[in-house]
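S.K.: got a structure for you, letters missing:
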């Protein structure tokens, strides 16, 4: 007599799909996959059905037709007879401009405020706390509207600058005009331009100048070379320091390398400062920073700067106190402790959240709609869609642009992040 | 099995809900109110009054259509739209009818797939400037800063006008009329340009309307009218003939005061009888009650009454009939016959 029963037959029952742990995860994944595919199929077919019901097709040909509208802020040549695609490009460049300016100034503000908030000076640290809390806890849109309204309502009109008994005057030696239509600042023109542009006198009797793009490229190239040369000098100083323990004084060499080549090139190109002046209804010449740009830029910088300040503060506080005590024990001056010991270690903590702040700022720049800044949302995603009725195509293109830009920013920042990581053996 | 059926039904329901329905009239009747797109606020054309009720010339068209369908001029949900959102709102089915001083153009009709059901105001684009500027003609505006509503035909006309005349300008893009008014009064732009009727309405809301002048140039034709989506001709017919009923009523002397009397018994004029449903089957042909036109006219009066009450010479906006007089009085307002 055997006490052993036969092992159960390995039959497969449907309920095993749910109750048997071997199959359960597969079942759940298959169901999820079906649901996701179904959802996408539904979205797709719904789109096709709706387009059919409206008698519309899916076509990007509208990008080649004439736009017909004007854009006030243009970084590249554009007029209303050019295509919708060109108008979209003008908008894209405007978005990139405000995003770049915003990221740079938000970073500077954030680092300063973050460090100052840890200051032992009670007034300074509390002032910074007030700034951070005020900007972090009020919606960005309200700051944009507020700054825009202050610029529009409280600054003088251009016509108040006119005449013998003008009630307003330009500041900084008659070179900067602050009006309720924006701020005009001097620009640099080139009398010996290499861009082939025709030089025109900005005002009767002045030196004719051209504002060539090629000139700026040349200057930027020379500047880049100077920076590389400065690096070479520093590396040499490092080597000497490691070999002998004495670091040669190089700051005057570095300043000379930075300033002299650029100065020579600018002199050769005949760089001239062109100040704005009043002509007709508005100021002319110089560079016009429009209200919309100023409001958006300042609000984005101050708002994101408050967040970055907190990130910087958190990064610094994350560095163990023992590090600064060790630095003090080694005799490193307090001012150099921050630069040489604390910040390099804090950077590892700071960079990842900083990436998302830069992404936030870039995407928040689409709040330009509040002040009429002509970014990509206003051109491609606004007027073009409205004039051509291509909502789906325009929105898809705009989404693709923001996606590509965000991926580019986070890709670049991740690369930088890897380069600051602790090199562990 | 049951689950499959359930998901199938869900998908079908979702599809049906997502699709812009072809039978707008059925949808409107089932909902019990008309969704009508209007401006975000332009005194005289469409703006909420002190009690929060929408009133104005375009609002009158919405109310007339609602009255023609339901016999109740208050069965309207007003949806404020900007120059940029209005077409998307109409194309997506968020609104059934757009009465938002919108210019009838070929590309809007053909390419954007809308159907303009008529013209309720013949307008043209003008320029509003402060008197202190000393400008007397639009050709003197070289270099001026111009406030312009984005996504409008006026934006394109402006670009054309300045290009053709070889002068430059600096556009300040704005979203709504209220924003334009604020920017203009703050002096952030020298000129405000839009349809001349809109400028008159905007100026009427200023503290000192006398300090601002309309320049003599009218640089475009702007026939403004209500519009619906392409593809539902029955719904388009209702909107078109409601507007025509208001116009015909003025031509035939049917007003909100004498309409009860005229509609009580068939009178001498057969066209009045057909219009008011005491004779013929015109209402049934539209799928509406026999007294549809009577209700539409009673909602706010005939075309002339709507004009005088909202934007006419006795109002703050003080627009003359001009082109918008009946054809019998030398204007362009003309309705096909009710037969």
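M.R.: Happy to help now that I have it. Here the structure is a predicted model, which is why all the values come from computation and not from measurement. Numbers count the residues shown, from 1 in each chain, chains lettered A, B, ... in the order given.

S.K.: Can you tell me the centre-most residue of chain B?
M.R.: Centroid-nearest residue in chain B: residue B:99, 3.3 Å away (criterion: CA atoms, centre = their mean).

S.K.: Check the secondary structure at that one for me.
M.R.: Using DSSP: H, G, I helix; E, B strand; the rest coil, the structure places residue B:99 in strand.

S.K.: so how far is chain A from it?
M.R.: Separation of residue B:99 from chain A (CB to the nearest CB, to the nearest Å): 18 Å. All C-beta spots, glycine's among them, are computed from the backbone N, C-alpha and C.

S.K.: for that residue, what are its contacts?
M.R.: For residue B:99, the contacting residues are B:36, B:37, B:38, B:46, B:58, B:59, B:61, B:62, B:120, B:226, by CB atoms under 8 Å, 6 or more residues apart in numbering or on different chains.

S.K.: Quick check: the farthest pair among those?
M.R.: Spatial extent of the contacts of residue B:99 (CB to CB) is set by the pair B:37 and B:120 at 14.4 Å.

S.K.: rewinding a little: ranking by neighbours, what's the top pick from the contacts of residue B:99?
M.R.: Tallying neighbours with other CB atoms under 10 Å in any protein chain shown puts residue B:62 at the head of these, with 33 neighbours.

S.K.: pLDDT wise, what is that residue at?
M.R.: Looking at residue B:62, its pLDDT reads 95.

S.K.: Ok, residue B:149 next?
M.R.: 89.

S.K.: unless I'm mixing things up, it is touching residue B:195, no?
M.R.: No - Residue B:149 is beyond contact range of residue B:195, at 9.9 Å (criterion: CB atoms under 8 Å).

S.K.: what about those two, which has more around it?
M.R.: Neighbours were counted for residue B:149 and for residue B:195 using other CB under 10 Å; residue B:195 has more, 25 against 22.

S.K.: so what's the more buried one closest to, chain neighbours aside?
M.R.: Excluding its sequence neighbours, the residue lying closest to residue B:195 (CB to CB, 6 or more residues apart in numbering or on different chains) is residue B:123, at 4.4 Å.

S.K.: which ones are touching that neighbour?
M.R.: When contacts are counted by CB under 8 Å, 6+ apart, residue B:123 is found next to B:101, B:103, B:195, B:196, B:197, B:198, B:222, B:223, B:224.

S.K.: Now flag whichever of the residues you listed is closest to chain A.
M.R.: Within these, the smallest distance to chain A is 12.2 Å, found for residue B:103 (CB to the nearest CB).

S.K.: What about the closest one, how many residues nearby?
M.R.: So residue B:103, with other CB under 10 Å, has 21 neighbours.

S.K.: Low-confidence ranges, chain B, go.
M.R.: For chain B, the stretches with pLDDT under 70 are B:1-22.

S.K.: Could you look up the SS state of residue 288?
M.R.: You didn't pick a chain, so chain A it is. Following three-state DSSP, we place residue A:288 in the strand state.

S.K.: which residues in chain A form strands?
M.R.: Along chain A, counting by DSSP state E, strands occupy A:177-179, A:182-185, A:187-190, A:271-274, A:277-279, A:282-284, A:287-290.

S.K.: and for the first one, what are the contacting residues?
M.R.: Read it as strand A:177-179. A:155-158, A:161, A:170-171, A:183-184, A:276, A:278, A:283, A:286.

S.K.: Please spell out the ChimeraX selection for the buried subset of the residues you listed.
M.R.: Applying 16 or more other CB atoms under 10 Å in any protein chain shown to the contacts of strand A:177-179, the buried members can be selected in ChimeraX as follows:
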select /A:155,156,157,158,161,170,183,184,276,278,283,286
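
S.K.: With distance to chain B and pLDDT as extra columns, can I get the contacts of strand A:177-179 in CSV?
M.R.: Shown next, in CSV, are those (distance: CB to the nearest CB, whole Å; pLDDT from 0 to 100):
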residue, distance to chain B, pLDDT
A:155, 9, 87
A:156, 9, 87
A:157, 4, 86
A:158, 8, 85
A:161, 12, 82
A:170, 18, 77
A:171, 19, 78
A:183, 13, 91
A:184, 12, 90
A:276, 13, 85
A:278, 11, 84
A:283, 10, 86
A:286, 14, 82
